[in-house]
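1. Here's a sequence, model it:
(2 chains)
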Amino acid sequence: MANWFNISCKKATYLISKKQEEGSLTIGEKLQLFIHLFICDVCKLFKVQTNYILKNIHQHHHTETLTVAAKEKINVVVKEEIIKTQ
Amino acid sequence: MDANRKLNATSWVDNYGDALYSYTLARVNNAAQAEDIVQETFLSAWRARDTYNGTASEKTWLYTICKNKIIDYYRKASTNKEVLAKEDETEDYFFGDDGRHWDNDKKPQSWGVDYSKNIENKEFYSILKKCKDKLKEVQQSVFTMKYLEDIDTDEICETLGITVQNYWVLIHRAKIQLRTCLEKNWINA
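-> Numbering: from 1, shown residues only, chains lettered A, B, ... in the order given. Presented below is the predicted three-dimensional model:
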């Protein structure tokens, strides 16, 4: 029983990820994680930092452009297809 | 008489080429591959022009086709790669042999940031992209589908042909590695 309450950091981080993905855990898992996070500051940091990363990921905006050559090539291919099948 | 009159196909590449390329490159991490996907998007759109009914804008319609091409790409990539979550040393690397505790050199450090604030730092995103590019291909696909595409778990599992347990493990490994990579290259840079 003592072992059941005392989960490893490996298991704890897995449960943190699972909670982030699923939104919930089983009652047993919740209890195990709660106890672990109570005593383990490192895994607590892992939880806070991964939440922070995931929360911010969506503001990710890219502004890449096609090279002139690539755009020209695609333009030729697409226009040929249009002319052929119009 | 038909909606495809509203399509301006000869201007597609000039009007949407860069935007679709940018969108695709953020998701497939390979310039040549992204160019192919953009080209295929326009060709498929042209071939399917009769199905365009004008309810969505031309732009939205093209993005939908492009997104499907990207998912096809993930699907193909996953059949060539080790998708199974086994045979991977990620956890051993971070937690040592018995898995009980974080390896001393690899455990999370305090970042000294206000976690409740949004990150308004362009550098974060370019580093995040570099970190993401370093992940194993299947972890990258899973992570991108989930967090950039907002595809739900069931659909990701179906597309890649993996179980949900496998999915949790893959995405967990992606998170562990991204966190470490960001700590090293963004926080402690």
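
2. can you pull the contacts of B:A189?
-> Under the criterion of CB atoms under 8 Å, 6 or more residues apart in numbering or on different chains, the neighbours of B:A189 are B:I127. To be clear about C-beta, it is placed using only N, CA and C from the backbone, and glycine gets the same treatment.

3. care to break chain B down by domain?
-> For chain B, the domain assignment from automatic domain parsing gives the residue ranges B:3-80, B:90-187.

4. Looking at those, spot the one closest to A:H58.
-> Evaluated with CB to CB, these place domain B:90-187 nearest to A:H58, the distance being 7.6 Å.

5. quick revisit: which one of the domains of chain B lies nearest to A:T26?
-> Of all the domains of chain B, the one in closest proximity to A:T26, counting by CB to CB, is domain B:90-187 (13.3 Å).

6. Please determine whether that closest one lies in contact with chain A.
-> Yes. Legend: contact between domain B:90-187 and chain A by CB under 8 Å from any CB of the partner chain is shown at B:91, B:94-95, B:98-102, B:107-111, B:113, B:115, B:118-119, B:124-125, B:128-129, B:146-148, B:153, B:167-169, B:171-172, B:175-176, B:178-179, B:182-183.

7. Report the mean confidence score over that domain.
-> Throughout domain B:90-187, pLDDT has a mean value of 88.

8. start to end distance for that domain?
-> Using CA to CA, to the nearest Å, the gap from the first to the last residue of domain B:90-187 comes to 22 Å.

9. repeat for stretch B:180-189
-> Between the opening and closing residues of stretch B:180-189 there is a gap of 12 Å (CA to CA).

10. what residue is smack in the middle of chain A?
-> Residue closest to the mean C-alpha point of chain A, counted by CA atoms, centre = their mean, is A:L54 at 6.1 Å.

11. That one against B:K146, yeah?
-> No. At 9.4 Å, A:L54 and B:K146 do not qualify as touching, with contact defined as CB atoms under 8 Å.

12. Buried residues, stretch B:158-171. List them.
-> When neighbours are counted by 16 or more other CB atoms under 10 Å in any protein chain shown, the buried residues of stretch B:158-171 are found to be B:T159, B:L160, B:I162, B:N166, B:Y167, B:W168, B:V169, B:L170, B:I171.

13. where's the fourth one relative to B:Q33, distance?
-> In this case it means B:N166. With distances taken as CB to CB, to the nearest Å, B:N166 is found 24 Å from B:Q33.

14. Now name the helix or strand holding the residue nearest to the centre of chain A.
-> Element membership of A:L54, judged by DSSP states H and E, is helix A:41-56.

15. could you say what helices and strands that helix packs with?
-> Contacting helix A:41-56 under the criterion 3 or more CB pairs under 8 Å, 6 or more residues apart in numbering or on different chains; DSSP states H and E are the following elements: helix A:9-22, helix A:27-39, helix B:164-182.

16. which secondary structure elements does whatever helix or strand comes next after that helix contact?
-> For helix A:41-56, the following helix or strand on the C-terminal side (DSSP H and E) is helix A:68-85. Contacting helix A:68-85 under the criterion 3+ CB pairs under 8 Å, 6+ apart are the following elements: helix B:12-28, helix B:31-47.
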